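**Student:** Sequence first, then the predicted structure, then my questions.
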Amino acid sequence: MCNLYHMSPKGAFEVYVRRHLSKLWLPEAPAKAVVGPFGEGQFLRSDGEGGLLGANGQWGLIRPGSPTRISYSKPKPTASGKTSAPRPLSTNNARAETIATLPTYRDAWKAGRRCLVPASWYQEPNWESGKNIWWQLTRRDGEPWMLAGLWDEWVDQTTGEVVPSFTLLTVNCDDHPLLSRLHRPDPKLPADRQDKRAVVHVEPEYWEVWLTGSQDAARELLVPAPVEMFDLGDAARTDAVLASKLPASYITP
């Protein structure tokens, strides 16, 4: 899963997109380039004529029928006898396996409201050293990621404001040689049953399929990016930290 990303600068991903599509319309970029849950980010959807239409929206899909932009958990009694405080329900990531059934995502998925989210990097935690080392995952070639997502629009019943929102789709990456190193492992589960999650990048030749193709064709694209696409700088720095804890005889000259 991903809880922080950096929007690709407008000029950078505009050049990238226009190499492959001539039709692109973008709104003014949100004020903050780094986007966290429920912050404002930018997403691209089909314009219905073979081009891309940009929009700004909340990163965290708003559940249809919700009275507010953010839904909260219900207070529950704790072991101490107190009642837990309501917490915002995270909707900035959506598991690909359940987008067709969960109420927050199923309408957008059924309606084909699929989108691309441009990002220069996204952040994930590595716990191999026993402490969290943040990795900012970038592409080796310097191009922006185009992350697969769903978008929707919610109407504020008080003000009548139409509020766009979006989520990033995630898939299992337990078998991925790089991405499986991320997130804190569950010591009670084997390595191939951790259900670690990764966001999905869509290459330009598949943009049209992702945005306007059938559900079956779109699902075929929901796989993690190959190792070859990633800049491995953060992985190398983590490896150096891990190596420094080993006896000298274990460190390759």
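**Tutor:** Yep, that arrived. Residues are numbered from 1 along each chain as shown.
**Student:** Okay, now the unreliable bits of the stretch 151-253 of the chain?
**Tutor:** With pLDDT under 70 as the threshold, the stretch 151-253 of the chain has low-confidence stretches at 246-253.
**Student:** Please settle this for me: is Phe43 part of a helix?
**Tutor:** No. Phe43 sits outside any helix when classified using DSSP: H, G, I helix; E, B strand; the rest coil, being strand.
**Student:** chain center to stretch 67-78: distance?
**Tutor:** Computed by C-alpha atoms, centre = their mean, to the nearest Å, the separation of stretch 67-78 from the middle of its chain amounts to 23 Å.
**Student:** Would you map the helices across the stretch 151-253 of the chain?
**Tutor:** Read by DSSP state H, counting those that start in this stretch, the stretch 151-253 of the chain holds these helices, from start to end of the chain: 207-212, 215-219, 233-243.
**Student:** mind listing the strands in the stretch 101-250 of the chain by residue range?
**Tutor:** With strands called from DSSP state E, counting those that start in this stretch, the stretch 101-250 of the chain shows them at 114-126, 133-137, 145-155, 162-172, 197-199.
**Student:** Rebuild those as a markdown table, extending it with distance to Ser90.
**Tutor:** No exception for glycine: its C-beta is placed from N, CA and C like everyone else's. A markdown table is the format used below for the strands of the stretch 101-250 of the chain (distance: least, C-beta to C-beta, whole Å):
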| stretch | distance to Ser90 |
| --- | --- |
| strand 114-126 | 15 |
| strand 133-137 | 18 |
| strand 145-155 | 15 |
| strand 162-172 | 10 |
| strand 197-199 | 12 |
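**Student:** Which among the ones you listed is found nearest to Pro88?
**Tutor:** Minimum separation from Pro88 across the strands of the stretch 101-250 of the chain (C-beta to C-beta) falls at strand 162-172, 13.4 Å.
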